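Engineer: Only the shape, not the letters, is given here:
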């Protein structure tokens, strides 16, 4: 799949899941998929990651999100001939950023619904866009530590 196809697919899938949850659940309603492990729980988040507030409020957060999304687009364009791990990592980060940016721009808050728990440990509720950003960051970090380090080693040695 091309990078642009991947980005488009994730953004559409993210928005479809959010619309489906909004149309099928009441706010704060939960439905166990795997009891005490994986639930669908409809919540909204008008802050940053993990529900953290942002100085200046949601309008400033929206502007910053737009600027960072533009930065990621520029970085992806710059790396268009770069290592696949880097390109796909950036594409996943961009997909998630666009998915949550759409929510912020249209609704003023992000829809979250993936609810994971293990015993007494309960993770923050998140969505497909958040997952995409996380996986993209992991790929980006792997590339940075493994492939960039080996390139630097080869240049020095």
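Structural biologist: Cool, got the structure. Just so it is clear, the structure is predicted and the values come from calculations on it, not from any experiment. Numbering: from 1, shown residues only.

Engineer: which residue ranges form the helices in the chain?
Structural biologist: Along the chain, counting by DSSP state H, helices occupy 3-24, 57-78, 84-107, 128-142, 148-156.

Engineer: can you redo those as TSV with mean neighbour count, distance to residue 119 and mean pLDDT?
Structural biologist: (Glycine included, C-beta is placed from N, CA and C.) Below are those laid out as TSV (neighbours: other CB atoms under 10 Å; distance: least, CB to CB, whole Å; pLDDT from 0 to 100):
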stretch	mean neighbour count	distance to residue 119	mean pLDDT
helix 3-24	16	25	97
helix 57-78	14	33	84
helix 84-107	20	28	94
helix 128-142	19	22	95
helix 148-156	9	37	56
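
Engineer: right, and these - which one's nearest residue 42?
Structural biologist: helix 3-24 (5.1 Å; CB to CB).

Engineer: any chance of the helices of the chain in TSV, with distance to residue 46 too?
Structural biologist: Output for the helices of the chain, formatted as TSV (distance: least, CB to CB, whole Å):
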stretch	distance to residue 46
helix 3-24	14
helix 57-78	5
helix 84-107	8
helix 128-142	15
helix 148-156	36
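
Engineer: Just tell me which of these ends up closest to residue 120.
Structural biologist: helix 128-142 (22.5 Å).

Engineer: Now do that closest one against helix 84-107: the angle between them, please.
Structural biologist: 150 degrees (axes from the mean of the first three to the mean of the last three CA atoms, to 10 degrees).

Engineer: Tell me how far helix 128-142 lies from the chain's centre.
Structural biologist: Distance of helix 128-142 from its chain centroid, counting by CA atoms, centre = their mean, to the nearest Å, is 7 Å.
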